[in-house]
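K.L.:
what's the 3D shape of this:
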Amino acid sequence: MAAPRAAAAAAAAATAKQVTRQNFAEAVRELRAHLQESDYVALAVQKTGAPTGWRRALPVDTAETAYLKAKLAAESFQPLQIAVCPFRLRNSSPSTLVAYPYNFHLFPRDELQLGMPTYSFSCQSSYLSTMANDGFDFNICIYDGISYLSRVQESLARKKIFTPCHRQLLPSSNTSVADSVFMSRIKSRIVQWRKGYADPSKKNDDCLVGSLSRLILGGELYGSRPSMSIDVCSDRQVQLVLEAVNHISDDLVSLVVPDKAGAARAVRVIFTSSKEDKNLLLMDIQKLEDEQNLKFRGFREVIDLLSFSQKPIISYNCLNDLTMMHTKFIAPLPPNMHEFMCSLKMVFSNVVDISHMWRQIGPLRKAKNIQAALSYLQKQYFVPMEIELPQQDGTSSVTKNEQNVLRITKLFAKLSYLLKIGPKCQLQSGEQCTAVEEYCNIFYPSCKVEESDDVDFAIESDTKKTVSTDNIVFLWGFREKSVSELRSYLIGLHQAFSDDFEVKLLDTTCSALIFCNSDTAMQLLKEISSEDPSLNSFFSEGLKGAGFEVYRKVCRLGLWDSDLAKAFDDVSSELGASTFYECRNSQIYRNSSLMLDLKEYLEC
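P.N.:
Numbering: from 1, shown residues only. Alright, predicted model coming up:
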């Protein structure tokens with residue numbers, strides 16, 4: 001155990017750059033440079049909770065129902081930290097991993113005072129106490145956490161807040177007589193105004209006369225520089241004013257001033273004293289625009305950087321994390337999986353769930369978390385590797401989230417070495433390298449598993465054995481029996497249970513019976529739903545059952561607040577008996593590691 005513990009201690013000693021509102025702009029600039037140098041980006045999210053009971057991903061879930069549960073979690077809980085770690089791998093001897101971890105502290109604060117975001121989110125006390133024990137600083141999060149708007153929210157916010165902006169002059173089109181008259185009048189006015197500041201002979205005029213003259217001509221100040229405003233009533237007039245200013249002098253700078261509806265209402269012309277002064281003004285205007293954009297986007301600036309870089313995203317528990325990132329930073333989640341994957345492709349085209357990669361190595365299929373997978377590799381394989389972290393924050397405490405992103409980075413590097421995976425398909429040491437895209441967009445939804453180094457090394461016979469949803473019967477009304485008690489009870493109740501079947505407790509009120517033969521399952525459902533007492537031996541026992549279509553309906557209706565048996569009863573009262581055994585064949589995975597191959601959803 002010494003080697004794994006030493007590796008864990010080394011990972012804990014490394015710290016990420018802690019990013020809050022105070023150093024966010026600086027961190028974004030550094031991150032942009034590090035993304036250009038990197039091959040991949042690892043992500044880890046620290047949330048305020050996770051789904052429990054039957055609302056978590058279950059072995060009987062299809063891709064569709066697993067997405068609906070991930071959607072529920074994403075809309076219920078809140079990300080408080082997102083760790084981002086650009087990294088690159090160099091195949092030398094030993095291999096070199098160069099990583100640049102950042103840990104962003106988030107909080108949905110209304111920076112623009114527009115009433116958005118106004119998130120109400122759930123917190124699980126067990127999650128918060130674990131976060132506190134792991135060194136999470138709630139004061140930093142609440143007072144200095146970075147706020148954000150999603151793309152949809154930003155679009156709405158920009159309709160409410162408009163700031164003057166520097167607009168480029170467009171190529172001129174045909175000029176009408178009215179345009180010529182308007183330009184001539186505006187040009188004469190600007191020239192007359194400018195003379196009051198540019199003509200040296202005017203500097204000795206009486207101050208009162210000069211002030212009255214500037215007042216009549218519409219003069220004002222932009223900071224410490226003289227300026228004047230010219231009212232406009234259309235985009236065409238804006239272009240004519242910009243063209244007139246462009247023809248008069250190089251020492252003038254134009255800003256377009258919008259009204260409350262976003263349409264241009266005026267053009268502000270600013271006089272600069274020299275070429276250097278003009279360049280300084282343009283830099284100040286650009287800086288103000290950048291600062292305003294950061295206020296609008298907040299942390300979404302990071303999401304946009306990752307999206308623009310097109311680097312593969314490496315994460316763990318991707319379905320839950322990416323649905324949360326979509327609803328918080330992109331747009332509200334679509335109602336179904338297909339639309340979600342099409343929308344996600346527009347932002348992150350290639351996402352690798354690290355748990356899919358480690359399942360390519362024998363006994364690692366039973367690993368329940370990142371640390372267990374790392375410990376197994378440390379014990380069973382020699383992977384020569386040097387890890388470089390050029391950017392260290394220097395803080396003494398290390399949060400769980402940054403530990404996780406570094407573990408994901410390290411685990412991906414080791415798996416890439418063993419499975420011969422590279423950012424592009426290329427020859428290395430005379431052997432063909434597999435492109436990382438082969439492992440992209442295959443997600444393993446999972447619930448929270450306590451950290452452990454244990455992996456069951458027993459040979460797993462068929463971890464990818466699938467079963468149709470037609471083979472599943474949902475059963476409730478059995479009064480809180482254990483799995484073994486329920487199984488024994490059912491075998492003595494009906495001859496259908498003489499065949500091989502599995503029992504999965506979904507919560508304390510409902511179980512899933514998984515049969516090898518779909519005909520047995522369908523016949524059982526018909527008998528359970530029969531109104532004839534002579535055929536229905538389950539009725540007197542208080543048992544009720546339904547097929548997968550009813551479960552799918554429960555998930556679609558979002559009956560999450562009740563236990564599963566109550567949700568089934570609510571839906572059952574609205575459906576005909578035929579629906580209880582209605583077929584719509586899908587596949588699930590028969591073990592606890594439910595695999596969802598989402599590549600088909602990316603072909604949009």
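
K.L.:
Need the phi and psi values for the residue lying closest to Leu564 once chain neighbours are set aside.
P.N.:
Closest residue in space to Leu564, ignoring its immediate chain neighbours: Cys510 at 3.9 Å, by CB to CB, 6 or more residues apart in numbering. Where you see a C-beta, it was placed from the backbone N, CA and C, and this is true even at glycine. Main-chain dihedrals, Cys510, degrees, to the nearest 10: phi -140, psi 150.

K.L.:
do the same with Asp277
P.N.:
For Asp277, the backbone dihedrals are phi -70, psi -40 (criterion: degrees, to the nearest 10).

K.L.:
check contacts around it.
P.N.:
Applying CB atoms under 8 Å, 6 or more residues apart in numbering, we find Asp277 in contact with Arg225.

K.L.:
helix or strand right after the biggest strand by length in the chain?
P.N.:
Using DSSP state E, we find that the single longest strand of the chain is strand 79-90. Later in the chain than strand 79-90, the nearest helix or strand by DSSP states H and E is strand 95-99.

K.L.:
Name every strand pairing with that following strand and say which way it goes.
P.N.:
strand 79-90 (antiparallel), strand 385-388 (parallel) (DSSP bridges).

K.L.:
coming back round to it: average pLDDT across the longest strand of the chain?
P.N.:
The average pLDDT within strand 79-90 is 93.

K.L.:
Give the buried residues for that strand.
P.N.:
Going by neighbour count (16 or more other CB atoms under 10 Å), the buried part of strand 79-90 is Pro79, Leu80, Gln81, Ile82, Ala83, Val84, Cys85, Pro86, Phe87, Arg88, Leu89.

K.L.:
what's the nearest residue to the fifth one once chain neighbours are set aside in contact with, if anything?
P.N.:
Think Ala83. The shortest distance from Ala83 to any non-neighbouring residue, by CB to CB, 6+ apart, is to Val405 (3.7 Å). Residues near Val405 by CB under 8 Å, 6+ apart: Ala16, Ala42, Leu43, Ala44, Ala83, Val84, Cys85, Pro101, Asn103.

K.L.:
Which positions within the helix or strand harbouring Val405 qualify as buried?
P.N.:
Using DSSP H and E, Val405 maps to helix 400-419. Neighbour counts over helix 400-419 (16+ other CB under 10 Å) mark 400-417, 419 as buried.

K.L.:
Could you pull up the residues touching the nearest residue to Lys295 once chain neighbours are set aside?
P.N.:
Using CB to CB, 6+ apart and skipping the chain neighbours, the partner closest in space to Lys295 is Glu111 (5.1 Å). Contacts for Glu111 were tallied using CB under 8 Å, 6+ apart; they are Ser147, Lys295, Gly298.

K.L.:
how close does the last one get to Phe501?
P.N.:
Look at Gly298 and Phe501: by CB to CB, to the nearest Å, they are 52 Å apart.

K.L.:
Which one of the two is surrounded by more residues?
P.N.:
For Gly298 and Phe501, the more surrounded residue by other CB atoms under 10 Å is Gly298, and the numbers stand at 28 against 20.

K.L.:
Look up the closest residue to that one, ignoring the ones flanking it.
P.N.:
Tyr148 (3.4 Å).

K.L.:
coming back round to it: turn the buried residues of strand 79-90 into CSV, including distance to Ser126.
P.N.:
Below are these laid out as CSV (distance: CB to CB, whole Å):
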residue, distance to Ser126
Pro79, 17
Leu80, 15
Gln81, 17
Ile82, 21
Ala83, 21
Val84, 26
Cys85, 27
Pro86, 32
Phe87, 32
Arg88, 37
Leu89, 36
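
K.L.:
among those residues, which two are most distant?
P.N.:
Farthest-apart pair in the buried residues of strand 79-90 is Leu80 and Leu89; separation 29.8 Å (CB to CB).

K.L.:
Which of the three states applies to Thr175?
P.N.:
Here Thr175 is recorded as coil under DSSP: H, G, I helix; E, B strand; the rest coil.

K.L.:
can you pull out the strands in the stretch 351-500 of the chain?
P.N.:
Per DSSP state E, counting those that start in this stretch, the stretch 351-500 of the chain carries strands over the ranges 351-353, 385-388, 421-422, 427-428, 431-432, 434-435, 442-443, 466-468, 472-476.

K.L.:
hmm, back to that, ok, of the contacts of Val405, which one's closest to Ser315?
P.N.:
Once CB to CB is applied, the member of those that ends up nearest Ser315 is Leu43, at 4.4 Å.

K.L.:
ok, that closest one touching Gln81?
P.N.:
No - applying CB atoms under 8 Å, one finds Leu43 not in contact with Gln81, separated by 11.1 Å.

K.L.:
what ranges do the helices span in the stretch 401-550 of the chain?
P.N.:
Per DSSP state H, counting those that start in this stretch, the stretch 401-550 of the chain carries helices over the ranges 483-491, 518-528, 548-557.

K.L.:
Can you say which of those is nearest to Arg268?
P.N.:
Using CB to CB, the nearest of the helices of the stretch 401-550 of the chain to Arg268 is helix 548-557, at 54.0 Å.
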